[in-house]
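> 3D model of this:
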Amino acid sequence: MAKYTPMIEQYLNVKEQAKDAFLFFRLGDFYEMFFDDAILASKELEITLTGREGGGTEKIPMCGVPYHSAEGYIQRLIEKGYKVAICEQMEDASVTKGMVRREIVRVVTPGTIMDGKVVHDKSNNYMVCVTEAGGLMSLSACDLSTGELYVTSVPWSEEWLRDEIGLYEPSEIIGDAALLEIISSQSLPGSRNIVYTAWDRREDALVRTQFGEPAWARLEEERRACVSLLISYLSETQKRSLGQLTQIASYEPGQYMVLDPFTRRNLELVETVRERSKKGSLLWLLDRTETSMGARLLRRRIDKPLLSRTRIEERLEAVEHLYNQYILREDLRMALKEIYDLERLVGRIAFGSANGRDLNALKLSLRQIPTLKELCAQSPSETLRRVAADTDICDDLCELIEDAIVDEPPVSVRDGGIIKPGYHERLDEFREASTSGKRWIAELEAKERAATGIKSLKIGYNKVFGYFIEVTKSNLSSLPEGRYERKQTLANAERYVTPELKEKEGLILEAQEKMVDLEYALFTELRDKLNTQVCRLQKLAERIAEIDVYQSLAAVSAEYRFVKPELSDGYDYIVEGGRHPVVES
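The predicted structure follows:
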């Protein structure tokens, strides 16, 4: 066996923990891949395959991507149905003796990606977990980006399992190996590359902590096992808080009309048979939603038609009132237009990946809630008034963000410029020190130009050399002797420092560094505060989605002059003057 260098040995040890994933191994400013990972990644990502000495007799295959643009490469691999394990340096290389410790900080999979092209705005990205115990099949489905988690179970039925999985169109399925073999051998609906992972580790204690003892106690034993398996997998791959998962929606299959995949396909509920596109489907006709949450809820309602007459009539009552009240409908629509995807914003807050722009999107969305609540509260619809009574406007959270975050924050949360002046006294002091220091630099530049008579003299800065005085070579004879210390030679210029410039540089850079660190600390403190309010925000998102679906159905009904059905408990079904809505449109 080849004797590898310590770094390659470290890589191989880490790779053992992620055999089914590409390992993005952080080396300085790059994520590197080696051996078979490198050969396959170079083909899939169309990047150059190289080699490096690693202690063996032959060069080791290697390829890499810059860490600052890695997200795009990761998304491309996920779209192709792969997993990516991200291995980071856990110590500062500049102060560590010997090999820097590296660990996998997250495994990105098709079912756990939080944003990007893989996660479509108007549809869910579900991961499904399947288990079997005591003749009962259980299925749990989770969209990590929105925080939804559903679980159900039935006596053994392969047909039911296939149909239920078809509803969720998952990008990833985990669970019992025997069940995965059955599922993977069938032709499942949906066009995604499904990733299958056999998983048998349960985390009962983790589930009880995550959702609370009452939620755990309400679950049947077989459903506990299924949810526990799912949470175990998410915990192992994400290695961070799953704070967006706040409740388990347990349901019985009999609550909804069961439609097998062939019926759903031929009815063209959410996509057409021929083109497999949304255009031309029932969903395409009915979707006039203004928010992403509303669009996803509408699709879920089409996928799972209700069987409860009471709940159906509640929905019809809201749609009927909005059908007859054009002005109210338009007012609701205008307020909904300004609301961002709260579910996924909250998911990023809980996940710890939300930036300043995400928080401002949340703030702008929350500003619309009082108007929405008032419009529904004044409505003649009992259903809309109930929704209004159950709507928390979260004005305290809106104020928190308004007080702290600038109106146009940068994308990165680590580079400063994100916290408003006046929010924190110590931060304002650092800013003043930094600003006055830069003012001093500008004044020094003017003073040196006057003293030397060199109009092109300038004071610049870079991360390697710090502040410097730059003079073109044609002007070097004008510099006074003894005071300027050469720092760097360029093709047509020399760079110098002076004792006073070095002294001031230390003060400016220290203020700048402390300012950036404090801003990041203040931002994460605010994000953590919002994280404690995830349940409130998710409940609010549900109310907004519900209102959006009602206005959407009312708008379509008014445009096409649909008629409200009259329900009866009998088996007779009478249609007068019926039309096919999709064909007609």
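> low-confidence regions, the stretch 1-150 of the chain specifically.
Scanning the stretch 1-150 of the chain with the threshold set as pLDDT under 70 gives 1-2, 116-119.
> all helices of it, in order?
6-15, 35-45, 70-79 (DSSP state H, counting those that start in this stretch).
> now these in TSV, please, with extra columns for mean neighbour count and distance to G166.
C-betas here are computed from N, CA, C, even on glycine. Listed next are the helices of the stretch 1-150 of the chain as TSV, based on neighbours: other CB atoms under 10 Å; distance: least, CB to CB, whole Å:
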stretch	mean neighbour count	distance to G166
helix 6-15	16	35
helix 35-45	17	28
helix 70-79	18	21
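> strands of the stretch 201-350 of the chain, start to end?
249-250 (DSSP state E, counting those that start in this stretch).
> just send the helices of the stretch 1-150 of the chain back as TSV, with distance to A335 too.
As requested, the helices of the stretch 1-150 of the chain are arranged in TSV below (distance: least, CB to CB, whole Å):
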stretch	distance to A335
helix 6-15	50
helix 35-45	43
helix 70-79	33
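> which one, of these, ends up nearest to S241?
Among these, the nearest to S241 by CB to CB is helix 70-79 (20.4 Å).
> the closest one packs against which elements?
Helices and strands touching helix 70-79, by 3 or more CB pairs under 8 Å, 6 or more residues apart in numbering; DSSP states H and E, are strand 22-27, helix 35-45, strand 84-89.
> now distance to Q538 too, for the ones you listed, in JSON lines please.
As requested, the helices and strands packed on helix 70-79 are exported to JSON lines (distance: least, CB to CB, whole Å):
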{"stretch": "strand 22-27", "distance to Q538": "31"}
{"stretch": "helix 35-45", "distance to Q538": "36"}
{"stretch": "strand 84-89", "distance to Q538": "27"}
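> of all those, which lies closest to I547?
strand 84-89 (38.1 Å).
> quick one: contacts of stretch 281-297?
Residues outside stretch 281-297 that contact it (CB atoms under 8 Å, 6 or more residues apart in numbering) are 121-124, 146, 267-272, 278, 298-299, 302, 333, 336-337, 339-344, 541-542, 544-549, 551-553, 555-556, 581-582, 585.
> give the buried subset of those as a PyMOL selection command.
In PyMOL, this line selects whichever of these come out buried by 16 or more other CB atoms under 10 Å:
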select buried, resi 122+123+124+146+268+269+270+271+278+298+299+302+333+336+339+340+341+342+343+344+541+542+544+545+546+547+548+549+551+552+553+555+556+582
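> please flag which of the contacts of stretch 281-297 sit within helices.
267, 298-299, 302, 333, 336-337, 342-344, 541-542, 544-549, 551-553, 555-556, 581-582 (DSSP state H).
> tell me the secondary structure at the residue lying closest to R486 once chain neighbours are set aside.
Excluding its sequence neighbours, the residue lying closest to R486 (CB to CB, 6 or more residues apart in numbering) is Y496, at 5.8 Å. Secondary structure for Y496, judged by DSSP: H, G, I helix; E, B strand; the rest coil, is strand.
> what's the neighbour count on Y496?
Neighbourhood size, Y496 [other CB atoms under 10 Å]: 19.
> check contacts around it.
F468, I469, E470, V471, L479, Y484, E485, R486, K487.
> distance between stretch 356-370 and the chain's centre?
17 Å (CA atoms, centre = their mean, to the nearest Å).
> list of residues touching it?
Contacts of stretch 356-370 (CB under 8 Å, 6+ apart): 335-336, 338-340, 342, 345-346, 348-349, 391, 393-395, 397-398, 401-402, 405-407, 409-411, 413, 418, 523, 526-527, 530, 537, 540, 544.
> for PyMOL, what selects the buried ones among these?
Selection of buried members from those for PyMOL, criterion 16+ other CB under 10 Å:
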select buried, resi 335+336+339+340+342+345+346+348+349+391+393+394+397+398+401+402+405+409+413+418+523+526+527+530+537+540+544
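> for this protein, give me the ranges with low pLDDT.
1-2, 116-119, 188-192.
> domain ranges for it?
6-108, 127-267, 311-394+534-584, 425-527 (automatic domain parsing).
> what about the longest one, how long is it end to end?
End-to-end span of domain 127-267 (CA to CA, to the nearest Å): 25 Å.
> next: the first one.
Taking CA to CA as the measure, domain 6-108 stretches 27 Å from start to finish.
> so what's the gap between it and the chain middle?
Relative to where its chain is centred, domain 6-108 has its mean C-alpha point 23 Å off (CA atoms, centre = their mean).
> once you drop chain neighbours, what's closest to F351?
Nearest residue to F351 in three dimensions, chain neighbours excluded: M114, at 5.9 Å (CB to CB, 6+ apart).
> wait, what's in contact with the one you found?
L144, S145, R344, G347, R348, F351, S353 are the contacts of M114 under CB under 8 Å, 6+ apart.
> just the buried ones out of these, please.
Applying 16+ other CB under 10 Å to the contacts of M114 flags L144, S145, R344, G347, R348, F351 as buried.
> any chance of the residues you listed in CSV with distance to L362 as columns?
Output for the buried ones among the contacts of M114, formatted as CSV (distance: CB to CB, whole Å):
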residue, distance to L362
L144, 18
S145, 15
R344, 11
G347, 12
R348, 10
F351, 14
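> which of these sits closest to P155?
L144 (29.4 Å).
> how close does the closest one get to A18?
Using CB to CB, to the nearest Å, one gets 19 Å for the distance from L144 to A18.
> same check, this time on V107
Per CB to CB, V107 is found 6 Å from A18.
> repeat that for S185.
From S185 to A18 the distance is 27 Å (CB to CB).
> neighbour count winner among those two?
A18 (19 against 7).
> OK, contacts around that one?
K83, A85, I104, V107.
> and the nearest residue to E343 once chain neighbours are set aside, what does it touch?
If you skip the residues right next to it in sequence, E343 has T146 as its closest partner in space, 4.0 Å away by CB to CB, 6+ apart. By CB under 8 Å, 6+ apart, the contact list for T146 reads N124, Q244, R296, E343, R344, G347.
> make CSV out of those residues and add distance to T209.
Listed next are the contacts of T146 as CSV, based on distance: CB to CB, whole Å:
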residue, distance to T209
N124, 26
Q244, 15
R296, 28
E343, 23
R344, 24
G347, 19
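> would you check which pair of the residues you listed lies furthest apart?
The farthest-apart pair in the contacts of T146, when distances are taken by CB to CB, is Q244 and R296, at 14.8 Å.
> wait, isn't L457 in contact with V471?
Yes - counting by CB atoms under 8 Å, V471 is a contact partner of L457 at 5.5 Å.
> for D303, give its distance to R357.
Applying CB to CB, the value for D303 to R357 is 32 Å.
> tell me which of these two has more neighbours.
A count of neighbours by other CB under 10 Å puts D303 above the other of D303 and R357, at 18 against 15.
> which of the helices or strands spans the residue nearest to that one when sequence neighbours are not counted?
Of all residues not flanking D303 in the chain, L167 sits nearest, at 5.2 Å (CB to CB, 6+ apart). Per DSSP states H and E, L167 falls inside helix 158-168.
> list the buried residues of that helix.
W160, L161, R162, D163, E164, I165, G166, L167, Y168.
> I'd like those laid out as CSV, including distance to Q378.
Output for the buried residues of helix 158-168, formatted as CSV (distance: CB to CB, whole Å):
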residue, distance to Q378
W160, 45
L161, 47
R162, 47
D163, 43
E164, 41
I165, 43
G166, 42
L167, 37
Y168, 38
